[in-house]
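K.L.:
Provided below for reference: sequence and predicted model.
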Amino acid sequence: MVNVNGWQAAFIRRCEAVGWSVERTKSNHFKTYDGDGKFLFVFPTTPGDNRSMRNTESEANRHGLRELETRLALRQERDRLEKIRKDREASEAVEAEAALERVEGDLKKNDKSTEHQP
């Protein structure tokens, strides 16, 4: 990651989270590339005005950043729910096994007690 503070750092993290790369140019701007290395757009390291952040955000959204973030969030939520489902299944399996062991133990006790009856 490029060393930078402020909104640019947060923006760079968002870009990198969806698979884009960001590099600093010699002219002190940032170039963004998609996952295949295709150039997307440039944004400044030092904003010239108070619209710089909004302009950068708009440019990124024109290249699909918002949609990619939505897909990423959906994928993460799907993975989270799948993990919960697997954990529940594993927990239910452990509980079922413990119940089976209790029943088997009870059956053994009953068998032993009936053996000793005349």
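P.N.:
In hand now; what should we look at?

K.L.:
got the phi/psi numbers for G35?
P.N.:
Phi and psi for G35, reported as degrees, to the nearest 10, are phi -60, psi -20.

K.L.:
residues in contact with the closest residue to it other than its chain neighbours?
P.N.:
Spatially, and ignoring its direct neighbours in sequence, G35 is nearest to G19 (4.0 Å; C-beta to C-beta, 6 or more residues apart in numbering). To be clear about C-beta, it is placed using only N, CA and C from the backbone, and glycine gets the same treatment. With contacts defined as C-beta atoms under 8 Å, 6 or more residues apart in numbering, G19 is in contact with D34, G35, L68.

K.L.:
Now do the same contact list for the first one.
P.N.:
Spelled out, it's D34. With contacts taken as C-beta under 8 Å, 6+ apart, D34 has the following neighbours: G19, W20, L40, H63.

K.L.:
list the helices and strands the host helix or strand of A99 packs on?
P.N.:
Under the criterion of DSSP states H and E, A99 resides in helix 65-115. Applying 3 or more C-beta pairs under 8 Å, 6 or more residues apart in numbering; DSSP states H and E, one finds that helix 65-115 contacts helix 7-17.

K.L.:
And for the helix it packs on, what's in contact with it?
P.N.:
Outside helix 7-17, the residues that touch it by C-beta under 8 Å, 6+ apart are 1-2, 4, 21-22, 30, 32, 43, 45, 53, 56-57, 60, 65, 69, 72.

K.L.:
The residues you listed: which two are farthest apart?
P.N.:
The largest distance within these, taken as C-beta to C-beta, falls between T45 and L72 and amounts to 25.4 Å.
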